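K.L.:
Output the structure for:
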Amino acid sequence: MPAPASPRLVALDGLSQIIGEGRMLSEITSDPVWQDLTPAERATAQRLITETLRYLGRADHLLTPHLQRQPPLRVMNLLRMATVELNTGGAAHGVVNEAVKLAGRNKKTAPMKGLVNAVLRRVTEQEPEAWADAPDTLLPKWLRPKLAKAWSKPVVAQIERAHAVPPPVDLSVKSDAAGWAEKLEGTLLPTGSVRLSARGQLSALPGFETGDWWVQDAAAALPVQLLGDVAGKRVLDICAAPGGKTMQLAAKGADVTALDISEARMVRLTENLTRTGLPAATVVADALTYDDGLFDAVLLDAPCSATGTIRRHPDLPYIKSQTGIDDLVNLQRAMLTRAVQHLKPHGTLVYCTCSLLREEGEDQIKWLLSQTDAVEVQKPVAPGLDPDWISPEGGVRLRPDYWADSGGMDGFYMAVLQRKADPAPE
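P.N.:
Prediction:
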């Protein structure tokens, strides 16, 4: 009988699938081998993968001087994972021994056990400053030049530095954000989110079982704030799953219709609504063909490259590429056009994407205004909104390096548009 899979072995397999095959971490964790692990072991395996991807640049920098040539990918990933462990609190003897054992469990890598042992022992002899001074993991080659053109190379370096910091956990609360910040020993952010100061099992915290809060990055919580007072208004939340913005809207007293094309994702949204006890109508349908009359407000969180969430999902650079961006841009334009058609006269539309790319953000608003005079950009107003975040066309541009001293935020773009009154008939 083969030995049962360990968290390190499962993590090593996962790393090779992400870097070598372009599989998503969320997809990999659904594989049968992951289900054989205990919850604690699954968490360990996922942490090993995430941290190795986050610190890949530093690990490679430390390993390169000890390698005459780069070994096969699986061995390189084993060295990377062990190097990250060694520099993030792992006990040197145990980490090195486990890495050598892992090399020996595979016929192709077993001949390199000596190499693994020798290289990692040299890594353990390096000064602690070597890790701290090592370069951050660079953004992918297809993305980095785009962002440098948009903001400059120094800004890109700031974003990469922000990606090297494990992101905090932010919460949106039904009410009394200040009270919950105190109760959970967190921080009340200027925009109204609660940022936790310590990591742990979220489901064990006060307020989880009673549905008083839900996890939502502070940047992702801002689009709903831009809609202003929605109490009693009929609001359509397009691409609503998993439901963070739907719950915000419901907590503010809106009559919400949550629309999403994915039945599986809508199941999760329904579960979230059930836990929090918040009401919303849920519809599984294509936003381009859905029709249920006009709404006072529409929130469109459009499908996008998700490049603004790399700090939370460091596997994204290995599964995303320039291929497909044009298709996403065209889909966003079609959804924007349809979202405008859902609005009552004087109704408000907030368009947002968790993307760092201007073609998915600023450029889309410019395009929409060139196509129709039915809407106009409104000045964004929300608690804690920094004037420096407002972009030239009137939208809000958020970047991972904002709030760097307090944990950063996801990259996001959002804009507020109002539908003009329909012209009077002649």
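
K.L.:
middle-most residue in the protein, spatially?
P.N.:
Against the mean C-alpha coordinate of the chain, by C-alpha atoms, centre = their mean, the closest residue is Thr309 at 3.0 Å.

K.L.:
residues in contact with that one?
P.N.:
217, 316, 354, 410-411 (C-beta atoms under 8 Å, 6 or more residues apart in numbering). Just so you know, the C-beta spots here come from the backbone N, C-alpha and C atoms, and that holds for glycine as well.

K.L.:
So for it, what's the pLDDT?
P.N.:
Here, the pLDDT recorded for Thr309 equals 97.

K.L.:
State the distance from it to Ala43.
P.N.:
Thr309 is 20 Å from Ala43, where distance means C-beta to C-beta, to the nearest Å.

K.L.:
What of Val169?
P.N.:
Taking C-beta to C-beta, one finds Val169 at 14 Å from Ala43.

K.L.:
which one of those two has more residues nearby?
P.N.:
Val169 (19 against 13; other C-beta atoms under 10 Å).

K.L.:
From Gln216, how far out is the more buried one?
P.N.:
Counting by C-beta to C-beta - Val169 and Gln216 are separated by 10 Å.

K.L.:
how about the helices of the stretch 51-200 of the chain, start to end?
P.N.:
In the stretch 51-200 of the chain, the helices defined using DSSP state H, counting those that start in this stretch lie at 56-63, 73-86, 92-104, 113-124, 128-133, 144-151, 153-163, 177-183.

K.L.:
Who are the contact partners of the nearest residue to Cys354 once chain neighbours are set aside?
P.N.:
Leaving aside its sequence neighbours, Cys354 sits nearest to Gly308 (C-beta to C-beta, 6 or more residues apart in numbering; 4.3 Å). Counting by C-beta under 8 Å, 6+ apart, Gly308 touches 219, 353-356, 398-400, 410-413.

K.L.:
CA atoms of the helix or strand bottoming out on mean pLDDT in the chain as CSV?
P.N.:
Least confident helix or strand, the chain: helix 316-319 with a mean of 90, by mean pLDDT, DSSP states H and E. Taking Å, rounded to 0.1, in the frame of the first residue of the first chain, the C-alpha atoms of helix 316-319 are listed here in CSV:
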residue,chain,number,x,y,z
LEU,A,316,-3.7,34.0,-11.0
PRO,A,317,-0.5,35.1,-12.9
TYR,A,318,-0.1,31.4,-14.0
ILE,A,319,-3.6,30.9,-15.3
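
K.L.:
and stretch 316-333, which residues are buried?
P.N.:
316-320, 325, 328-329, 332 (16 or more other C-beta atoms under 10 Å).

K.L.:
among the contacts of Thr309, who's most crowded?
P.N.:
Gly411 leads the contacts of Thr309 on contacts (other C-beta under 10 Å) with 28 neighbours.

K.L.:
Apart from its chain neighbours, what residue comes closest to it?
P.N.:
Excluding the flanking residues, the one nearest Gly411 by C-beta to C-beta, 6+ apart is Gly308, at 2.7 Å.

K.L.:
can you give me phi and psi for that neighbour?
P.N.:
phi -80, psi -10 (degrees, to the nearest 10).

K.L.:
Is there a neighbour count for Gly253? I'd like the number.
P.N.:
Around Gly253 there are 12 residues (other C-beta under 10 Å).

K.L.:
tell me which element it is part of?
P.N.:
Assigned by DSSP states H and E, Gly253 belongs to no helix or strand.

K.L.:
Under a three-state scheme, what state does the closest residue to it other than its chain neighbours occupy?
P.N.:
Take Gly253 and drop its neighbours on the chain: the residue closest to it by C-beta to C-beta, 6+ apart is Ala231, 3.5 Å away. Going by DSSP: H, G, I helix; E, B strand; the rest coil, the secondary structure assigned to Ala231 is coil.

K.L.:
Does Ala231 touch Ala250 like I think?
P.N.:
No. Using C-beta atoms under 8 Å, Ala231 is not in contact with Ala250, being 10.7 Å away.

K.L.:
Between the two, which has more neighbouring residues?
P.N.:
Ala250 (23 against 10).

K.L.:
And the nearest residue to that one once chain neighbours are set aside, how far from Gln248?
P.N.:
Taking C-beta to C-beta, 6+ apart as the measure, Ala250 lies nearest to Leu278, with 3.9 Å between them; neighbours along the chain are not counted. Leu278 is 9 Å from Gln248, where distance means C-beta to C-beta.
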